[in-house]
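Novice: Output the structure for:
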Amino acid sequence: MMTLKTSIHAGLIALILVVGLIALPSPAMAHMLAAYFQPQAESLEIQAIFSTGEFYEAADVVVHPPSDSEAEDIQGLTDEDGRFVFEPDYSLVGDWMVEVGEGNHWDLLIVPVTDGAIAFDEITQLHPNLPHHHHHYASNQLQVAAIALASLLISQGMRGKFKL
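Specialist: Numbering: from 1, shown residues only. Next up is the predicted model:
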């Protein structure tokens, strides 16, 4: 027979699992593209990876400078590991748009440049297949922390160390 304490533990574990699944990005569409980004000293490294884990080698990359500038678009390709390094002209303050891929395999990053630097905490990622999804750099760290906390709580619950 299930006690109240056991049922609370089971409910808590189920809730943690559900929240963990919702918090993680889901590759619901087969072969979806995601552009991951990592700040470097004075640049932004972007890596295009399919939902299958395969790198998007030779993906088209188009970088659009802020709309109020006269600067030309920058065009390039990702390397064999799906990587492209973007270093903006820091004299052009505003939002730089970085398009990676083409057709149904496409992603867009909005990279704000202010005061001679990339505002890494304000980078936004727009997935065309998920119209209202915004991804910020800090969310990766939050997901890792949520998974670590859920793992700790589950392991403590399984050892019977929860005190209610």
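
Novice: Give me the below-cutoff pLDDT ranges for this structure.
Specialist: Along the chain, the model assigns pLDDT under 70 to residues 1-31, 127-164.

Novice: How is it partitioned into domains?
Specialist: For the chain, automatic domain parsing gives the domain ranges 1-28+136-164, 33-128.

Novice: Could I get the full set of helices for the chain?
Specialist: 4-23, 137-158 (DSSP state H).

Novice: Could you give the number of residues near the closest residue in space to residue 40 that isn't next to it in sequence?
Specialist: Nearest residue to residue 40, sequence neighbours excluded (CB to CB, 6 or more residues apart in numbering): residue 85, at 7.0 Å. C-beta here means a position set from N, CA and C on the backbone, and glycine is covered the same way. Counted with other CB atoms under 10 Å, residues neighbouring residue 85 total 14.

Novice: Is residue 85 bridged to anything, and to what?
Specialist: With DSSP bridges applied, residue 85 shows beta-bridge pairing to residue 45.

Novice: quick one, what contacts it?
Specialist: Shown in contact with residue 85 (CB atoms under 8 Å, 6 or more residues apart in numbering): 40, 43, 44, 45, 46.

Novice: Give me the distance between it and residue 104.
Specialist: Relative to residue 104, residue 85 is positioned 25 Å away (CB to CB, to the nearest Å).

Novice: try residue 124
Specialist: Residue 124 is 21 Å from residue 104, where distance means CB to CB.

Novice: More neighbours: these two, which one.
Specialist: Comparing residue 124 with residue 104 by other CB under 10 Å, the one with more neighbours is residue 124, at 15 against 11.

Novice: That one contacts residue 107, correct?
Specialist: No - distance between residue 124 and residue 107: 11.4 Å, which falls outside the contact criterion (CB atoms under 8 Å).

Novice: Could you list which residues are in contact with residue 43?
Specialist: Residue 43 touches 85, 86, 87, 118, counting by CB under 8 Å, 6+ apart.

Novice: Swap in 6 Å and give it another go.
Specialist: Contacts of residue 43 were listed using CB atoms under 6 Å, 6 or more residues apart in numbering, and they are 85, 87.

Novice: what's the spacing between it and residue 54?
Specialist: From residue 43 across to residue 54, the span is 24 Å (CB to CB).

Novice: Excluding covalently adjacent residues, which one is nearest to residue 97?
Specialist: residue 64 (4.2 Å).

Novice: Surely the one you found touches residue 95?
Specialist: No - Residue 64 is beyond contact range of residue 95, at 9.0 Å (criterion: CB atoms under 6 Å).
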